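Student: starting from these lines, generate the structure:
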Amino acid sequence: QMENTSSPFPLDNSSLSSSFLSLCPTFTTLFFLPSAYTFLFLTALPGNILSLWVFLRCISTVSPTHVYLSHLSISNLILSLTTPFLAAYYAWGSDWTLSSALCQLVLHGITPILHINIYISIMILTWVALSRFASLIQHTHASRPNRCIAFLPHGFFARLKKTSFANRVCIVVWSVAIGCVVPVTVIYSVKEVVSVNKAVGGCTEVCYSPTVEIGGRLSAGLAMIVITVFFLFYLLVLMSYMMVLRHIGRSRKSTNVTTSRGLLGRVLRNIVVIQVVLSVCLLPYHIYKPIFISLANDQRQLRYLPGPNICKQCHPFYILVE
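Tutor: Modelled structure (predicted):
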């Protein structure tokens, strides 16, 4: 581990970009993150294989919900396969050179797969919540029809019950996730990482570095668009939750409440679980990321004076990156 000798230097004509400073990995990067990713691999891989086997082999009647959850299991299974590489990256990335095969694999292969499947999971979870809500307002009746029905396309409820429609939705989800994430990761890994000089002042660019972890302005701008899309999905699920609560309140005044109580409870429970997953697992990251991008944009304008042990000087963001 590199010693912490970070200190800003005054600007002059021979100053260097801060991307050539070290991230100085600590216990969090070298031990905690590899252990966490290893634990995820050991639990997520068999768990998703089991759930996928149940959906495909043990359920005779396939419903649209089974289609959505099968695609979610496939996405999570692929996601779990990236965790050993991420564990290796955090454990040894500060020793790999930027041009090494393992570093290039993480940048060009693992990074896009990771983000593609995260956003596939988000979109499928959002669609499950919306489709459960749509099914609820169709099959239960409050004191008056729900106004949401008027905004839905004609024949939506009929298509909602078809597995072919669910399969088309999942194909669109995969296409959108791949089409949106791949350009961002290509710009990040090719234009902003690989194109930088590998060595300055005798310093070799390592894989776990500011160039890789912070990125550049263009990928940061595209990341902000992706973050905005996440909040759109998050608000859609939150809206579904609020409208289910409102629908339940109205249904309690209806004479049909005894026939719909079970369905109301199941739909509410499912949407609450999805909301909790999005809030606990993904919301903190999407709140912190734009703050980090804003700080990084300000910090990019700072320059540092070359000097002895420049290769060991810590980047001022190394704790924020962790």
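Student: could you measure the closest residue to residue 205 other than its chain neighbours against residue 314, distance?
Tutor: Distance criterion C-beta to C-beta, 6 or more residues apart in numbering; nearest residue to residue 205, sequence neighbours excluded, is residue 98 at 4.3 Å. For the C-beta atoms, the positions are set from N, CA and C on the backbone; glycine is no exception. In this view, residue 98 and residue 314 are 18 Å apart by C-beta to C-beta, to the nearest Å.
Student: so where's the stretch 201-322 of the chain uncertain?
Tutor: Scanning the stretch 201-322 of the chain for pLDDT under 70 picks out the ranges 201-203, 249-261, 263, 300-311.
Student: all strands in it, in order from the N-terminus.
Tutor: For the stretch 201-322 of the chain, applying DSSP state E, counting those that start in this stretch gives strands covering 203-204, 303-304.
Student: I figured residue 277 hits residue 124, correct?
Tutor: No - between residue 277 and residue 124 there is no contact under C-beta atoms under 8 Å: 11.4 Å.
Student: when the two are compared, which one has more neighbours?
Tutor: residue 124 (26 against 15; other C-beta atoms under 10 Å).
Student: tell me how many other residues surround the nearest residue to the more buried one once chain neighbours are set aside.
Tutor: Spatial nearest neighbour of residue 124, excluding adjacent residues (C-beta to C-beta, 6+ apart): residue 72 at 4.8 Å. Other residues near residue 72 come to 24 when the count uses other C-beta under 10 Å.
Student: ok, now how distant is the residue nearest to residue 205 from residue 72?
Tutor: From residue 98 to residue 72 the distance is 35 Å (C-beta to C-beta).
Student: now swap in residue 224 and tell me
Tutor: According to C-beta to C-beta, residue 224 and residue 72 sit 26 Å apart.
Student: residue 94 too?
Tutor: 34 Å.
Student: before we move on, the earlier item: surely the residue nearest to residue 205 meets residue 208?
Tutor: No - the criterion here is C-beta under 8 Å, and residue 98 misses it with residue 208 at 9.7 Å.
Student: neighbour count winner among the two?
Tutor: Shown here are residue 98 and residue 208; by other C-beta under 10 Å, residue 208 has more neighbours (26 against 22).
Student: residue 29 is in contact with the more buried one, correct?
Tutor: Yes - counting by C-beta under 8 Å, residue 208 does reach residue 29; the two are 7.3 Å apart.
Student: where do the contact lists of those two overlap?
Tutor: 23, 90, 94 (C-beta atoms under 8 Å, 6 or more residues apart in numbering).
Student: so which of those residues are in helices?
Tutor: Among the shared contacts of residue 208 and residue 29, DSSP state H puts residue 90 in helices.
Student: please produce a markdown table containing the shared contacts of residue 208 and residue 29, extended by neighbour count and distance to residue 119.
Tutor: Shown next, in a markdown table, are those (neighbours: other C-beta atoms under 10 Å; distance: C-beta to C-beta, whole Å):
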| residue | neighbour count | distance to residue 119 |
| --- | --- | --- |
| 23 | 24 | 26 |
| 90 | 21 | 22 |
| 94 | 19 | 28 |
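Student: residue 322: which of the shared contacts of residue 208 and residue 29 is nearest?
Tutor: residue 23 (8.1 Å; C-beta to C-beta).
Student: contact partners for the residue nearest to the closest one when sequence neighbours are not counted?
Tutor: Spatial nearest neighbour of residue 23, excluding adjacent residues (C-beta to C-beta, 6+ apart): residue 318 at 4.4 Å. Contacts for residue 318 (C-beta under 8 Å, 6+ apart) come out as 6, 22-26.
Student: how about residue 271?
Tutor: Going by C-beta under 8 Å, 6+ apart, residue 271 touches 129, 132-133, 237, 240-241, 244.
Student: please pick the buried ones from those residues.
Tutor: 129, 132-133, 237, 240-241, 244 (16 or more other C-beta atoms under 10 Å).
Student: so which of these are in helices?
Tutor: Per DSSP H, helices hold the following members of the buried ones among the contacts of residue 271: 129, 132-133, 237, 240-241, 244.
Student: in a markdown table, list the residues you listed along with distance to residue 281.
Tutor: Below are these laid out as a markdown table (distance: C-beta to C-beta, whole Å):
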| residue | distance to residue 281 |
| --- | --- |
| 129 | 15 |
| 132 | 20 |
| 133 | 21 |
| 237 | 13 |
| 240 | 18 |
| 241 | 17 |
| 244 | 21 |
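Student: quick check: phi and psi on the residue most central in space within the chain?
Tutor: Nearest residue to the geometric centre of the chain (C-alpha atoms, centre = their mean): residue 118, 4.0 Å. With angles defined as degrees, to the nearest 10, residue 118 sits at phi -60, psi -50.
Student: unless I'm mixing things up, it is touching residue 82, no?
Tutor: No - with contact defined as C-beta under 8 Å, residue 118 does not count as touching residue 82 (10.1 Å).
Student: how about the helices in the stretch 1-150 of the chain?
Tutor: 27, 33-53, 64-81, 83-92, 101-105, 111-139, 148-151 (DSSP state H, counting those that start in this stretch).
Student: and of the ones you listed, who's closest to residue 283?
Tutor: Using C-beta to C-beta, the nearest of the helices of the stretch 1-150 of the chain to residue 283 is helix 111-139, at 10.8 Å.
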